[in-house]
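**Q** I'd like to go over a predicted model; first the sequence, then the structure.
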Amino acid sequence: MHGIARAKTVAAAIMILIPFAVYFDVPFYNIINPQWGGLPFFYWFQLAMLPVSAVLFLIAAILIDMK
């Protein structure tokens with residue numbers, strides 16, 4: 001594997017692992033305050049992470065497809 005292809009693969013793997021690391025760190029976001037729109041932080045943080053995760057997965061897919 002060439003250096004650039006390997007770097008793209010490693011970057012894609014990191015992009016995929018970031019959401020998993022965030023979601024599995026439940027004590028980080030298992031709090032009530034701050035509330036937003038009446039929703040505790042626990043719920044709106046997960047909702048906010050959905051588009052972030054989608055963008056990171058999209059970037060990873062583009063990096064993997066560019067080989």
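**A** Yep, that arrived.
**Q** any idea which element the residue nearest the centre of the chain lies in?
**A** Here the mean C-alpha position of the chain is nearest to the C-alpha of Pro19 (C-alpha atoms, centre = their mean), at a distance of 2.8 Å. Per DSSP states H and E: Pro19 is located in helix 3-24.
**Q** Which of the residues in that helix are classified as buried?
**A** Within helix 3-24, the residues that qualify as buried are 8, 12, 15-16, 19, 22, counting by 16 or more other C-beta atoms under 10 Å. Every residue, glycine included, has its C-beta placed from N, CA and C.
**Q** pLDDT-wise, what's the bottom of these?
**A** Among the buried residues of helix 3-24, Lys8 carries the lowest pLDDT, at 90.
**Q** And the contacts of the helix or strand bottoming out on mean pLDDT in the chain?
**A** Of all helical and strand segments in the chain, the minimum by mean pLDDT, DSSP states H and E falls on helix 26-29, at a mean of 88. Residues outside helix 26-29 that contact it (C-beta atoms under 8 Å, 6 or more residues apart in numbering) are 22, 41-42, 45-46.
**Q** hmm, back to that, check which helices and strands the helix holding Pro19 is in contact with.
**A** If contacts are counted by 3 or more C-beta pairs under 8 Å, 6 or more residues apart in numbering; DSSP states H and E, helix 3-24 sits against helix 41-65.
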